[in-house]
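K.L.:
Got a predicted structure here, sequence first:
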Amino acid sequence: MALLEIRGLTKYFGGLAAVDHLDLSIEEGEIVSLIGPNGAGKTTVFNLITGLYPPDEGELLFNGQSLVGLHPHEITALGIARTFQTLRIFTNMTVLENVMVGQHPRSRSGVMASVLRLPRFRREEEHIRRKAVEALSFFGTRLIGYRLDQPAYSLSYANRRRLEIARAMATEPKLLLLDEPTAGMNPHETLEMARMIGQLRDEKGYTILVIEHDMKVVQGVSDRVVALDHGCKIAEGSYEEVAHDERVIEAYLGRRRDGDQEAVAEAQPC
Ligand SMILES: Nc1ncnc2c1ncn2[C@@H]1O[C@H](COP(=O)(O)OP(=O)(O)OP(=O)(O)O)[C@@H](O)[C@H]1O
Ligand SMILES: [Mg+2]
């Protein structure tokens, strides 16, 4: 059984099928890249998996359990964590606090225990703190030490992206969804992030679905690549197979020629 099994997944926004009868399965331990031109529906796939939007049609099975109808925090608790294309950092909170808040779905103490600061609550908070520091330590010394107590607004853009990954890691996911983890990074940072994506699988044991525009990163990290256009899956296979697929090449070139919104509006069903 695949870790994640997506069947016939469909989401409309008005008349537009942002995701159109998508089938996709991800085996445990795989790194799968999701590629496609702007507006192809990649982020919407993440939003459907993580329960931000309900699908209009289709099935989402994680470890055989349906995710449809679950709240985002329930999906996090089942073992799916994500980062956002548009960063969701609480800039006025510290680095450590940003990671600690992400573990909320896993905390067990009730409100009263926390208000009264009962021993159970304090033990749990210490545990959450330890896990947060451990996740932040994955990025060497970049986010720990004196940085732990600095407000997130003081971080560089690349460090904010790393912070988002640490927050996802601290929820102890089985499946990690990364939405453009190298966006806005310089070539050196991008290369380092590509290496870290491999380490997230090899050392932490996560299964990873990554949305990525940088083809060098896609080539370097992917066991398998899935290409979307107009919400439809247009190719799937090894990096070489997908990168040389005529529909993929046409999707990227065509989209640039047409201008994105009109091209999407005139899209045909898959
Ligand atoms: N909440 C929404 N309401 C209306 N339309 C939406 C919404 N979210 C996405 N869309 C539309 O759905 C389509 C797919 O968007 P999506 O963000 O999934 O694309 P993407 O592949 O992630 O693109 P990019 O590479 O630019 O991030 C686009 O046409 C977009 O405008
Ligand atoms: Mg996107």
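P.N.:
On my side now, so go ahead. Ligands and ions are numbered 1, 2, ... in the order given.
K.L.:
The helix or strand where Arg129 lies packs against which elements?
P.N.:
Secondary structure from DSSP states H and E places Arg129 in helix 119-137. Under the contact definition 3 or more Cβ pairs under 8 Å, 6 or more residues apart in numbering; DSSP states H and E, helix 119-137 sits against helix 95-102, helix 111-115, helix 157-169. The C-beta positions use only the backbone N, C-alpha and C, and glycine is treated the same way.
K.L.:
and the first one, C-alpha only, in CSV?
P.N.:
To tie it back to what came earlier, the one meant is helix 95-102. The C-alpha trace of helix 95-102 is given here as CSV (Å, rounded to 0.1, in the frame of the first residue of the first chain):
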residue,chain,number,x,y,z
VAL,A,95,12.7,31.4,16.3
LEU,A,96,12.1,28.9,19.0
GLU,A,97,8.5,30.0,19.6
ASN,A,98,7.8,29.7,15.8
VAL,A,99,8.7,26.0,15.9
MET,A,100,7.0,25.3,19.3
VAL,A,101,3.6,26.6,18.1
GLY,A,102,3.8,24.2,15.2
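K.L.:
Next, the angle helix 119-137 makes with it.
P.N.:
120 degrees (axes from the mean of the first three to the mean of the last three Cα atoms, to 10 degrees).
K.L.:
Show me what counts as buried in helix 95-102.
P.N.:
95-100, 102 (16 or more other Cβ atoms under 10 Å).
K.L.:
same question, the last one
P.N.:
Of the residues in helix 157-169, those buried under the neighbour-count criterion (16+ other Cβ under 10 Å) are 158-169.
K.L.:
which among the buried residues of helix 95-102 gets closest to Val225?
P.N.:
Nearest to Val225 out of those is Gly102 (Cβ to Cβ; 28.5 Å).
K.L.:
my guess is the closest one meets Pro173, correct?
P.N.:
No - here Gly102 does not reach Pro173: they are 10.5 Å apart, not a contact under Cβ atoms under 8 Å.
K.L.:
which residues do these two both contact?
P.N.:
Ala81 (Cβ atoms under 8 Å, 6 or more residues apart in numbering).
K.L.:
Now the helix holding Arg129: average pLDDT?
P.N.:
For helix 119-137, mean pLDDT is 90.
K.L.:
Likewise for stretch 191-206?
P.N.:
Mean per-residue pLDDT for stretch 191-206: 97.
K.L.:
can you give me the offset of it from its chain's centre?
P.N.:
14 Å (Cα atoms, centre = their mean, to the nearest Å).
K.L.:
List the buried residues of it.
P.N.:
Going by 16+ other Cβ under 10 Å, stretch 191-206 has these buried residues: 191-194, 196-197, 200-201, 206.
K.L.:
Turn these into TSV, columns for secondary structure and distance to Gly29.
P.N.:
Shown next, in TSV, are those (DSSP: H, G, I helix; E, B strand; the rest coil; distance: Cβ to Cβ, whole Å):
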residue	secondary structure	distance to Gly29
Leu191	helix	23
Glu192	helix	22
Met193	helix	20
Ala194	helix	18
Met196	helix	17
Ile197	helix	13
Leu200	helix	12
Arg201	helix	7
Tyr206	coil	9
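K.L.:
Those: which ones sit near ligand 2?
P.N.:
The subset of the buried residues of stretch 191-206 within reach of ligand 2, by Cβ under 5 Å from the ion, is empty.
K.L.:
If anything else comes up later, I'll come back, but that's it for now.
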